[in-house]
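Student: Below are the sequence and a predicted model; questions follow.
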Amino acid sequence: MRREVGRGVSAVLVALWLLLSPAPAGAVARARSAGPPAGPAPRDDAQAEPAPTPPPRSAGPGVPKAEAAPGEEVVVLSLQDCLKQALENNLDIAVRRYDPLRSEVGVTFSQAAFDPALVGGTTSRQDQSKRSQTILGAKFDFPQSDRTHTFTAGFLDPLTTGGFYRIDVLASDDLSKATFFDFQNFRPVPADSRTYTTSWTVTFSQPLLRNLGPDVNRWQIVIARNTLGQSESRFRQQVIETLAAAEKAYWDLDFALLNLKTQQTSQQLARDFLEENRIKVRVGTLAPIEITQAEAGVADREEAVIEAGNLVRTSEDALRRIVNVPQDSPLWSRPIQPSDAPSLVEVTPELQEAVSAAMERRPDLEQSRLDLKSRETELAYRDNQRRWDLSFQGDYGVIGFDPATYDDSFKDLRQHNQDTWALALNLTIPIGNRQAVANYTNAEYAREQARYTLQNLEQGARVEVRTAVRTVETNLKRVKAAQVNTRLQREKLDAEQKKFNNGMSTSFQVLSFQNDLASAESRENQAVVDYNKSLVELERVKGTLIESKKMLLPGTTGPDRGAGATAALRDLWHPAASLLFAPDPADRVDLPARFVFDGRRLSASGGR
C-alpha cells in the first residue's frame, strides 16, 4: 500500500515538474513554425503535453536556407536566373550555333550554280611566212604576214529549266600583208589589205528530256535548305534539352534542401524525446533501458542528416555542371540557395492535345520530316537522270564588215546586211545506263529508310507523350496521397506520444512513429518535386518548353511557335543575337564571352 502511494506521489511530482519546466529549444522552435493548431486536442492533466510536430516543409511558402560555413555567404539563385545562365554558359548551345551558319553557306553554294556571268577577252595574233621562188633564173623572196586583234564580251545566264542563254559581242580587225611579183618591173611588190568585223550572237540551249525543269535543276538547293532547317531544329532542340536539364536540376536541389531540413527536424525531435526520457528516468518513472533506445534513435537520425547534407552538395554540383559555372564564379565555391519553391498548381493535361502538339512541334520529328523531303527530292532527280539526253540549241547573229574603219563596220552591223542562224537537236542514248540506275535504286532505298525512321520516331513520340501525361497525373495523385499520409502520421505520432506519457507505450514505438513521420514528409517533398519535374518533362516531349517559359526572340512579338519558328530562331546565331525572357527586355541571354561574332561569321576568341 505504501509502495503504491509512493508511486502516485512520484507521478504527480513528475507531471508538475514537466508542466512547469520550460520546453526544450527545439520544441519551442517547432511550435512557432507550426502555427496555431488545427483544432482543440484532448488534454491529459496528469501528464505533460507532448512536443508538437512540425508541418510538412513542402507546403511552406519558401525553400529552407542553404547551410554555409561561418563567414561564408550563400548565393541566392532564382529559377529564371538558373535557366538564363544555363543558356549563356552551355557550350553545347554554343557549338550548335555553328551548324546553321554552315548550313546557310551550303544554301548559298548551291544557289551559286545559277549565278550569271560576264565574260570578255582580247586576243592579238600574228602569222608570218616567207617563200622563195625562182623566176627566169633569179631567186626572189615573197614574205607574208597576217595580224589580227579580236575583242570579245559576253553575258551567260544559266536557267533553272536546265538550259542557258548567252549573248556574245565581237569586234576584230585583220591586217594582211602579201607580196606579188611585178613582171613589168620584174620585182616583188608588197600589198596590204584590212578588214574590220563586228558581230553579235544570241545562243539559247535547253535540254528536253534529261535535266528538264526547275524541280530537277534546283534539287541541291532544296536539299541544302532542308539541311538548314534541320540545323535550326537541332539548335532549338538543344535549347529545349538545356532548359529541361537545368530546371530539373534546380528542383532536385530544392528537394535536397527540403530533405535535409526534414532530417534535421526529425533529429531534433529525437533529441527532445531523449531529454524527456532522461528526466523521467531521474525521477524514477521510466526504466533506464528507454534512454538507450532514445539514444539509438538520435544516432540513427544523425546518420540520416549526414546523408542528406551530402545529397545537397551532390545536387549543387549537378546544377553547376549543367549551368557550366566558371571556376571564378561565386556559384562554384559557395552554397547555392534556390529562391523558388516547387509549386503545386494542379494541371490536367489532355492526351490528344498533347500528342497533336508533339507531332507538330517536336524538333526531332521536324528533322526527320525534312530528311524525308530531301530523300524524295533526290529520288526525283535520280529518276530524271535515267532518261535519254535530248537537247535543243538555237543561234542567231548579225555580222558587219568594212575595209576602212570600225565605225563603218558598226553601220553595216546595224543594217543587218549579213544575218546568220542555226538550229540543232542533239540526242544521246546511254547503253545500259547502269550508273544512273544504281543511283536511282540507292536513292529509293534511302527514301524508304527515311520514311520508316519517321514512323518510328512518331510512334516513340506518342509513347513518350502518353508516359509523360500519365506521370503528371500519377505524381499529382502521389502529392495528394502523401499530404494525407503526412497528416495521419503526425496524428498517429501525437497519439502515441500521449500513450507513452501515460505509460501505455514504449520508446521504440514512439521512435518508430517519428521515423514514419519523417519518411512521410520526405515522400511528400519528393512527390511535389517529381510533379514539377514531370511538368517540365511533358513540355519537353511536346516540344513546347520554350513557349512554356515565355521566352521571346529578338525581333519577334510573341513566343516561339514551335515547328514554324525556325525562321525566327535563325536570329539567334546572327550578330548580337540573344534569347529574351518576356516581358522584361533587360533579361538577356547572350553567347558565352569566349564566342564572338565577326560580321556574319561566328568565330572563337581566346579565353573568357
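Tutor: All right, it came through fine. Numbering: from 1, shown residues only.

Student: longest helix anywhere in the chain?
Tutor: helix 434-501 (DSSP state H).

Student: what comes up buried for the very next helix or strand once past that helix?
Tutor: Tracing the chain C-terminally past helix 434-501 and defining elements by DSSP states H and E, one meets helix 507-542 next. Neighbour counts using 16 or more other C-beta atoms under 10 Å place 507, 510-511, 513-542 of helix 507-542 among the buried residues. For glycine as for every other residue, the C-beta is placed from the backbone atoms N, C-alpha and C.

Student: Packing partners of helix 507-542?
Tutor: helix 219-282, helix 289-323, helix 351-361, helix 434-501, helix 545-548 (3 or more C-beta pairs under 8 Å, 6 or more residues apart in numbering; DSSP states H and E).

Student: so for that helix, what's the average pLDDT?
Tutor: Mean pLDDT, helix 507-542: 90.

Student: Please apply the same query to stretch 420-433.
Tutor: 93.

Student: same question, stretch 276-283
Tutor: Per-residue scores along stretch 276-283 average to 82.

Student: Repeat that for stretch 222-230.
Tutor: The model assigns stretch 222-230 a mean pLDDT of 92.

Student: Residues contacting it, please?
Tutor: Residues outside stretch 222-230 that contact it (C-beta atoms under 8 Å, 6 or more residues apart in numbering): 100, 103-104, 106-107, 109-110, 366-367, 370-371, 373-374, 377-378, 566.

Student: Among those, which one has the most neighbours?
Tutor: Ranked by neighbour count (other C-beta atoms under 10 Å), these have residue 100 at the top, with 25 neighbours.

Student: which is the next helix or strand following the host helix or strand of that one?
Tutor: Using DSSP H and E, residue 100 sits in helix 98-111. On the C-terminal side of helix 98-111, the closest following helix or strand by DSSP H and E is strand 117-135.

Student: How far off centre is that next one?
Tutor: Taking the mean of its C-alpha atoms, strand 117-135 sits 66 Å from the chain's own mean (C-alpha atoms, centre = their mean, to the nearest Å).

Student: what packs against it?
Tutor: strand 138-158.

Student: Alpha carbons of stretch 281-291, as CSV, please.
Tutor: Taking C-alpha atoms only, stretch 281-291 is exported to CSV below (Å, rounded to 0.1, in the frame of the first residue of the first chain):
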residue,chain,number,x,y,z
VAL,A,281,14.5,8.1,-15.5
ARG,A,282,15.9,10.5,-13.0
VAL,A,283,12.6,10.8,-11.1
GLY,A,284,12.1,7.1,-11.3
THR,A,285,9.1,6.8,-13.6
LEU,A,286,10.9,5.2,-16.6
ALA,A,287,13.2,2.3,-16.9
PRO,A,288,16.8,3.2,-17.9
ILE,A,289,16.6,0.9,-21.0
GLU,A,290,14.3,3.5,-22.6
ILE,A,291,17.2,6.0,-22.6
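
Student: Can you mark which positions in it are buried?
Tutor: Buried, per 16+ other C-beta under 10 Å, within stretch 281-291: 281, 285, 286, 290, 291.

Student: Those residues: which two are farthest apart?
Tutor: Farthest-apart pair in those is 285 and 291; separation 12.6 Å (C-beta to C-beta).

Student: How about the residue most central in space within the chain, nearest residue that isn't a chain neighbour?
Tutor: Computing the C-alpha centroid of the chain and ranking residues by C-alpha atoms, centre = their mean puts residue 238 first, at 2.0 Å. Spatial nearest neighbour of residue 238, chain neighbours left out: residue 96 (4.6 Å); criterion: C-beta to C-beta, 6 or more residues apart in numbering.

Student: same thing with residue 457?
Tutor: Per C-beta to C-beta, 6+ apart, closest to residue 457 is residue 368, 5.1 Å.

Student: so the one you found is in which element?
Tutor: helix 363-384.

Student: From the contact counts, what lies against that helix?
Tutor: Helix 363-384 packs on helix 214-217, helix 219-282, helix 434-501, going by 3+ C-beta pairs under 8 Å, 6+ apart.

Student: For the residue nearest to the centre of the chain, give its distance to residue 454.
Tutor: Computed as C-beta to C-beta, to the nearest Å, the residue 238 to residue 454 distance reads 21 Å.

Student: any idea which helix or strand comes after the helix or strand of the chain with the lowest mean pLDDT?
Tutor: Across the helices and strands of the chain, mean confidence by mean pLDDT, DSSP states H and E is lowest for helix 25-34: a mean of 32. Moving toward the C-terminus from helix 25-34, the next helix or strand (DSSP H and E) is strand 75-77.

Student: For that next one, name the packing helices and strands.
Tutor: Partner elements for strand 75-77 (3+ C-beta pairs under 8 Å, 6+ apart): helix 330-333, strand 336-338.

Student: Could you look over these and pick the most buried one?
Tutor: Counting by mean count of other C-beta atoms under 10 Å, strand 336-338 has the highest mean neighbour count of the helices and strands packed on strand 75-77, with a mean of 22.

Student: quick one on the thing from earlier: in CSV: the helices and strands packed on strand 75-77, plus mean pLDDT.
Tutor: Formatted as CSV, those follow (pLDDT from 0 to 100):
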stretch, mean pLDDT
helix 330-333, 79
strand 336-338, 89
